[in-house]
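Chemist: Any chance you can model this:
(one chain, ligands or ions: 1)
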Amino acid sequence: MMVGVISFVIISKVSSPRFFVLHLERLESRGLKLIHIRTELVQGFETAWRSSTLWSVLVGTTAAGGLSYWVSKRIMLRLTEMEQITQKFAAGELEARLPLSDIPELNLLGTSFNRMAASLEDVEARRRELIGDMTHELRTPLTVVRGYLEELADGEIEPSPEIYRRLAKETRRLERLVNDLQELSKAEAGYLPIKIQPVNLRSLLESLVDRFSDQLLEDGPMLRLECPSALPLVLADIDRTEQVLVNLVGNAIRYTTKGTITVQAYLEASKLWIAVIDTGIGIAPQDLPNVFERFWRADQSRDRHSGGTGIGLTISRHLVELQNGQIQVESVLGVGSKFRFCLPLA
Ligand code: ADP
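Modeler: Down below sits the predicted model:
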């Protein structure tokens, strides 16, 4: 404002009288006789110029000063408010959010801050939830192991191969849980290395079905593959796809005592779908939305006994999504389940 006022005064002081004199000379050259009143005209002009400059500087600086003060006060108020809220956020009040402002630039900044705050709050909530779930899951086998060890130490039970087998089983469960948790935390944080390339899944499906068929008991379910001989290439990571399939087929075998388990590959809506269909115990309709939740098991005690960790399907969902696919489940209690996932065509 000061620079503007000073340049206005200097420039007009230097140039205005000169322009006025030039104008008078032009009038004289057209024949007007101004010789007697010329000095008075110039003086009159200068007085008029001085008083109008004085008024315009006074009114202009007051108006501009007032306006600048008002605008900067509004901005400062908002900035101080923002600073206080970011301090609160840094101190751990993760629900603190910036209020909306009527200054568009500050509003934009506030909106980005609020978005960042919401995502940090979400990460923190998930971290807490994971730690809660994890400690709950680890506590059970640890309690069992400690119980046996204390009873053995006090001589309350006799050491026998059966006791050691139970202890080994619980430690195996702990080991599996820790491995699954490591994989899950990597998947949830998006750190799982994934190498997507065009692959033909047919040989993977065949070897998988062969491998699992060998493990099935005589009176158990039958495992079969339904796959067209010419399977189109898909964009996928073959190791991660195998991990998903091992989990789905493993679950189908665990929850099916008789009937058939079918691994199917087919094209639908320009995607390759792979389905694992079983005739096992099925899942109740109210439980279906939970199957991909971490640590969820239809029957907590039965599955803890059978060694399930409730993490397999959560990891599978992450792995499929990392490969730009989708995983779905359909199931009827007592009839069977169908887990299927799709992969984009190459
Ligand atoms: P788990 O290691 O316990 O099998 P998952 O995440 O793989 O963990 O599965 C979660 C739960 O979903 C299982 O405990 C089981 O109750 C249910 N489930 C998964 N697959 C099937 C299936 N094919 N048939 C019936 N229930 C299933």
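Chemist: What parts of the protein come near the ligand?
Modeler: The chain comes close to the ligand at residues 247, 251-252, 255, 278, 280-283, 291, 296-298, 303, 308-314, 337, as judged by Cβ under 6 Å from any ligand atom. (C-beta placed from N, C-alpha, C; glycine too.)
Chemist: So which of those are in strands?
Modeler: By the criterion of DSSP state E, membership of these in strands covers Asp278, Ser337.
Chemist: ok so Asp214 is a helix residue?
Modeler: Yes: assessed with DSSP: H, G, I helix; E, B strand; the rest coil, Asp214 lies in a helix.
Chemist: so who does it touch?
Modeler: For Asp214, the contact set (Cβ atoms under 8 Å, 6 or more residues apart in numbering) is empty.
Chemist: same thing with Leu225?
Modeler: Leu205, Glu206, Val209, Thr262, Val263, Gln264.
Chemist: Write the PyMOL selection for whichever of these are buried.
Modeler: Buried subset of these, written as a PyMOL selection, criterion 16 or more other Cβ atoms under 10 Å:
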select buried, resi 205+209+262+263+264
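Chemist: Out of the contacts of Leu225, list just those in helices.
Modeler: Under the assignment DSSP state H, those contribute Leu205, Glu206, Val209 to helices.
Chemist: re the thing from before, any chance of JSON lines for the contacts of Leu225, columns distance to Ile131 and pLDDT?
Modeler: JSON lines is the format used below for the contacts of Leu225 (distance: Cβ to Cβ, whole Å; pLDDT from 0 to 100):
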{"residue": "Leu205", "distance to Ile131": "38", "pLDDT": "96"}
{"residue": "Glu206", "distance to Ile131": "41", "pLDDT": "95"}
{"residue": "Val209", "distance to Ile131": "39", "pLDDT": "94"}
{"residue": "Thr262", "distance to Ile131": "39", "pLDDT": "97"}
{"residue": "Val263", "distance to Ile131": "36", "pLDDT": "97"}
{"residue": "Gln264", "distance to Ile131": "39", "pLDDT": "96"}
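Chemist: In the stretch 151-300 of the chain, where is pLDDT below threshold?
Modeler: Along the stretch 151-300 of the chain, segments meeting pLDDT under 70 span 300.
Chemist: in it, which spans are strands?
Modeler: Remark: strands assigned in the stretch 151-300 of the chain by DSSP state E, counting those that start in this stretch are 197-199, 222-226, 234-236, 260-268, 271-278.
Chemist: which SS state does Ile327 fall under?
Modeler: strand.
Chemist: Skipping adjacent residues, who's closest to Gly65 in space?
Modeler: Spatial nearest neighbour of Gly65, chain neighbours left out: Met1 (6.6 Å); criterion: Cβ to Cβ, 6 or more residues apart in numbering.
Chemist: re the thing from before, the residues of the chain next to the ligand, buried ones only, as a PyMOL selection?
Modeler: If you want just the buried ones from these in PyMOL, going by 16+ other Cβ under 10 Å, the selection is:
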select buried, resi 247+251+252+255+278+280+281+282+283+291+296+297+298+303+308+309+310+311+312+313+314+337
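Chemist: Sitting in helices, which of the residues of the chain next to the ligand do you find?
Modeler: Asn247, Asn251, Ala252, Asp303, Gly312, Leu313, Thr314.
Chemist: so which of those comes closest to Leu152?
Modeler: Asp303 (27.2 Å; Cβ to Cβ).
Chemist: Please save the CA atoms from stretch 217-237 in PDB.
Modeler: What follows is stretch 217-237 as a C-alpha-only set of coordinates in PDB (Å, rounded to 0.1, in the frame of the first residue of the first chain):
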ATOM      1  CA  LEU A 217      -8.800 -90.300   2.800                       C
ATOM      2  CA  GLU A 218     -10.500 -93.300   1.100                       C
ATOM      3  CA  ASP A 219     -13.900 -92.500   2.600                       C
ATOM      4  CA  GLY A 220     -13.500 -88.700   2.400                       C
ATOM      5  CA  PRO A 221     -14.700 -86.300  -0.300                       C
ATOM      6  CA  MET A 222     -13.500 -86.600  -3.900                       C
ATOM      7  CA  LEU A 223     -11.500 -83.800  -5.400                       C
ATOM      8  CA  ARG A 224     -11.900 -83.000  -9.100                       C
ATOM      9  CA  LEU A 225     -10.900 -80.300 -11.600                       C
ATOM     10  CA  GLU A 226     -13.200 -78.800 -14.200                       C
ATOM     11  CA  CYS A 227     -11.100 -76.700 -16.500                       C
ATOM     12  CA  PRO A 228     -11.200 -76.100 -20.200                       C
ATOM     13  CA  SER A 229      -8.000 -77.400 -21.900                       C
ATOM     14  CA  ALA A 230      -7.300 -74.000 -23.500                       C
ATOM     15  CA  LEU A 231      -7.300 -71.600 -20.700                       C
ATOM     16  CA  PRO A 232      -6.700 -67.900 -21.600                       C
ATOM     17  CA  LEU A 233      -3.800 -66.100 -20.000                       C
ATOM     18  CA  VAL A 234      -4.400 -64.000 -16.900                       C
ATOM     19  CA  LEU A 235      -2.500 -61.200 -15.300                       C
ATOM     20  CA  ALA A 236      -1.500 -62.600 -12.000                       C
ATOM     21  CA  ASP A 237       1.300 -63.600  -9.600                       C
END
